[in-house]
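Colleague: how would this look folded up:
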Amino acid sequence: MTELLRVENLHVSVGKKELLHGINLTVNKGEVHVIMGINGAGKSTLLHAIMGNPVYTITEGRIFFEGQDITELSVDKRAKLGIFLSFQNPISVAGITTENFIRTAKTTISGKQQRLFPFKRLMKSRMEDLAMDPSYAERYLNDGFSGGERKKSEILQMRILDPKLAMLDETDSGLDVDAVRIVSRNISEYHNENNSLLIITNVNQNVRCTPPNFDPCR
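Modeller: Residues are numbered from 1 along each chain as shown. Below is the predicted model:
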């Protein structure tokens, strides 16, 4: 299989506190990796470090994407290479509509101007897939959205931007059963042999592994 992402001996700090201590990870094209852990285990830190969030400082180790060392690249350059991060708690952005935000991002990442009406058709189709009210396209990004609609908005961005690597940070958190089903279907429809998923999910710290027939920690 073709390697997409490789993390080597990654140490990450915020201020003087080291949060990750020598993480190694390889993700090949077509693979789905799920990282489980309790709150505070460093799961989100790993995704933000891969995305290049400047709040997190890499003190040791390297990150490679399609064979290229991206350890020092800025967030926008990593996005242009095809890396996407869905946030655990998406924020609202006043002054820019959901449609304009995604259209601008698609133009920037693809390097091709997105024609208005074809993009509107694509947006409408993807919103229907996610059972989103079409009026949300004209509202400011996540402004007044419920927690579930914000999570759907993140998946909408993923479906339209079509990244090579989608990193999803507890996307299922706060969703009701129907919304989980809809979001899961869209993630499944996005995934193919040419892209990869890195999914973060929380596990209750009281869960204990009980081999051999059931192992929630596996």
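Colleague: state the pLDDT value of residue 172.
Modeller: At residue 172 the predicted local confidence, pLDDT, stands at 86.
Colleague: let me fix that, I meant to ask about residue 31.
Modeller: Turning to residue 31, the model gives it a pLDDT of 97.
Colleague: for it, which non-adjacent residue is spatially closest?
Modeller: Nearest-residue entry for residue 31: residue 196, 5.2 Å, with adjacent residues in sequence omitted and distances by CB to CB, 6 or more residues apart in numbering. Heads up, the C-betas are built off the backbone N, CA and C, glycines and all.
Colleague: that neighbour is in contact with residue 28, isn't it?
Modeller: Yes. Residue 196 lies in contact with residue 28 (CB atoms under 8 Å); the separation is 7.0 Å.
Colleague: neighbour count: those two, which is higher?
Modeller: residue 196 (24 against 13; other CB atoms under 10 Å).
Colleague: quick check: residue 59 is in a strand.
Modeller: Yes. Going by DSSP: H, G, I helix; E, B strand; the rest coil, the assignment for residue 59 places it inside a strand.
Colleague: number of residues surrounding it?
Modeller: By other CB under 10 Å, 11 other residues sit near residue 59.
Colleague: for the one 10 residues further on, same thing?
Modeller: If you count neighbours by other CB under 10 Å, residue 69 ends up with 12.
Colleague: and residue 194, by the same measure?
Modeller: Counted with other CB under 10 Å, the neighbours of residue 194 add up to 11.
Colleague: state the phi and psi torsions of it.
Modeller: Backbone geometry at residue 194, expressed as degrees, to the nearest 10, gives phi -100, psi 0.
Colleague: isn't it right up against residue 163?
Modeller: No. When contacts are counted by CB under 8 Å, residue 194 is not listed as touching residue 163 (10.9 Å).
Colleague: in the sheet, who's paired with the residue nearest to residue 31?
Modeller: With beta bridges defined as DSSP bridges, residue 196 has these partners: residue 165.
Colleague: pLDDT score assigned to it?
Modeller: If you check residue 196, the pLDDT there is 98.
Colleague: and it, how far is that from residue 148?
Modeller: As judged by CB to CB, to the nearest Å, residue 196 and residue 148 stand 25 Å apart.
Colleague: that'll do, ta.
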